[in-house]
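# need coordinates for the following:
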Amino acid sequence: SLFESNIDKNASKSKLNLSLDKTIVTYTGGLYPNRDIENIVYLAREFPDVMFLVIGGPEKHRQYFQKMSQEEAVFNINFMGFVEHNMIPCYLYASDILLALWSSKVPTINYCSPLKIFEYMAAGRTIVAHDFPTIREVLENEKDSILCEPDNFDSLKLALSKSLIEQNTSNYGKLARDKAFKLYSWDNRVNKLLRFMQNK
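Model prediction:
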């Protein structure tokens, strides 16, 4: 329901005091060691004209990666820490590309269904995600997202490069948003469960 109003990108950027001229790539979620968050620092180094926003904690890990980016002389990345959940839609709407990153070290990645994916889809922005089977159940490569090989930085870099090139010509975000509201709203999920239970 937080995403029902499709807010204009520039209006969201203005509300958050973000540059209207910068392409913004955003990651939201945990900054735990098994997420390979350092790859976002390396992406920022490779794409110096892009602004990277990293939203999430815990705080000690935010400080660690902020320090790491400074030591690497990477200044186009902002580790913002915890943001109230009702503000997350505004940040997603202000973004051009959304990163959904995990690694094979995440113990639940082979059976979890991350809520972040559905929020990203509802925001209607291009999603770059790791191509785990659980993610592929929801997203389709080069149709409503760009998927890359897990645990492979070169594949991630290529996927982001492709998304930057195609961001003004692809319909990935629109198709993902349409799919989110058609198939994955809470109401639709509950109705699907009820139908399943009634047919048992």
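# and the residue nearest to residue 41 when sequence neighbours are not counted, what does it touch?
Leaving aside its sequence neighbours, residue 41 sits nearest to residue 69 (Cβ to Cβ, 6 or more residues apart in numbering; 4.9 Å). The C-beta positions use only the backbone N, C-alpha and C, and glycine is treated the same way. Contact analysis of residue 69 by Cβ atoms under 8 Å, 6 or more residues apart in numbering lists 41, 44, 75, 77, 79.
# and the pLDDT at the closest residue to the third one other than its chain neighbours?
Using Cβ to Cβ, 6+ apart and skipping residues adjacent in sequence, the residue nearest residue 75 is residue 69, 7.5 Å away. Residue 69 is assigned 97 on the pLDDT scale.
# go on, the one 10 residues further on?
The score at residue 79 is 97. That number is its pLDDT.
# swap in residue 200?
Reported pLDDT for residue 200: 68.
# begin at 36 from now on, thanks
Sure, I'll start numbering at 36, so the last one becomes residue 235.
# tell me which residues of the helix or strand of the chain with the lowest mean pLDDT are tucked away?
Among the helical and strand segments of the chain, the one scoring lowest on mean pLDDT, DSSP states H and E is helix 221-233, with a mean of 80. Of all the residues in helix 221-233, not one is buried under the rule 16 or more other Cβ atoms under 10 Å.
# now do it: everything it contacts.
residue 217.
# apply 6 Å and report the result again.
Outside helix 221-233, not one residue touches it by Cβ atoms under 6 Å, 6 or more residues apart in numbering.
# circling back: what is the nearest of the contacts of residue 104 to residue 203?
Residue 203 lies nearest to residue 79 out of those, by Cβ to Cβ, at 21.3 Å.
# so what's that closest one closest to, chain neighbours aside?
residue 112 (4.1 Å).
# what ranges does the chain have for its helices?
44-50, 73-81, 94-106, 123-129, 150-158, 168-171, 188-201, 207-218, 221-233 (DSSP state H).
# mind listing what's buried along the fifth one?
Right, the one you point to is helix 150-158. Buried, per 16+ other Cβ under 10 Å, within helix 150-158: 151, 152, 153, 154, 155, 156, 157, 158.
# cool, the second one as well?
The neighbour-count criterion (16+ other Cβ under 10 Å) identifies 74, 75, 76, 77, 78, 79, 80 as the buried residues of helix 73-81.
# will you turn the residues you listed into CSV that also has pLDDT?
What follows is the buried residues of helix 73-81, written out as CSV (pLDDT from 0 to 100):
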residue, pLDDT
74, 97
75, 98
76, 97
77, 97
78, 98
79, 98
80, 97
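# closest one of those residues to residue 196?
Nearest member of the buried residues of helix 73-81 to residue 196, counting by Cβ to Cβ, is residue 78, at 9.7 Å.
# burial of the closest residue to the closest one other than its chain neighbours, as a residue count?
Nearest residue to residue 78 in three dimensions, chain neighbours excluded: residue 195, at 6.0 Å (Cβ to Cβ, 6+ apart). Burial of residue 195 is recorded as 22 neighbouring residues (other Cβ atoms under 10 Å).
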